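Colleague: predicted model and sequence below, questions to follow.
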Amino acid sequence: MFYLPYNKNLKEFSRQLRNQSTLSEVLLWNELKQGKMKGFQFNRQKPLGCYIVDFYCKKLKLVIEIDGCSHDNDEAYLNDIERQKVLESLDLSFLRFDDRDVKRDLNSVLIAIENFIADNPPAPFVKGVARSDGGL
């Protein structure tokens, strides 16, 4: 089983973020929730390690981030890159979309996510049988 570190101190803040979602987050969430994206379960504003990501699918090990205007400066960009590197070191994949693209062309965003799923299907899990990566 694949477990990520979890900072329980972020739980309340992640709840606040869910209650203060941006329009682009709401638009994308409406397409991801309840298994609408190819049957995969996504979480929103999910604490992972010492970070909170916009969307996360455990089975795909996929983080989806929406970058709005608060990400349009050098410091935020560098923080985003560092954060992404840390989470990728935990064997997570990233898709990053601009806030304006989600609002203006949601269909293209959804196609990009579908293409990621098609190109990166989750490894089948068979209880009690060793996988090629040495896990169970």
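Modeller: Received the coordinates, thanks.

Colleague: what's near enough to touch the most centrally placed residue in the chain?
Modeller: Residue closest to the average C-alpha location in the chain (CA atoms, centre = their mean): Val63, at 2.1 Å. Applying CB atoms under 8 Å, 6 or more residues apart in numbering to Val63 gives the contacts Leu48, Val53, Asp54, Phe55, Tyr56, Leu87, Leu92, Ser93, Phe94, Leu95. All C-beta spots, glycine's among them, are computed from the backbone N, C-alpha and C.

Colleague: packing partners of the helix or strand harbouring the fifth one?
Modeller: In other words, Tyr56. Per DSSP states H and E: Tyr56 is located in strand 51-57. Using 3 or more CB pairs under 8 Å, 6 or more residues apart in numbering; DSSP states H and E, the elements in contact with strand 51-57 are helix 11-19, helix 23-32, strand 43-48, strand 62-67, helix 74-88.

Colleague: so Arg18 sits against Pro47, correct?
Modeller: No: here Arg18 does not reach Pro47: they are 11.4 Å apart, not a contact under CB atoms under 8 Å.

Colleague: and those two? which has more neighbours close in?
Modeller: Between Arg18 and Pro47, counted using other CB atoms under 10 Å, the more crowded position is Pro47 (21 against 15).
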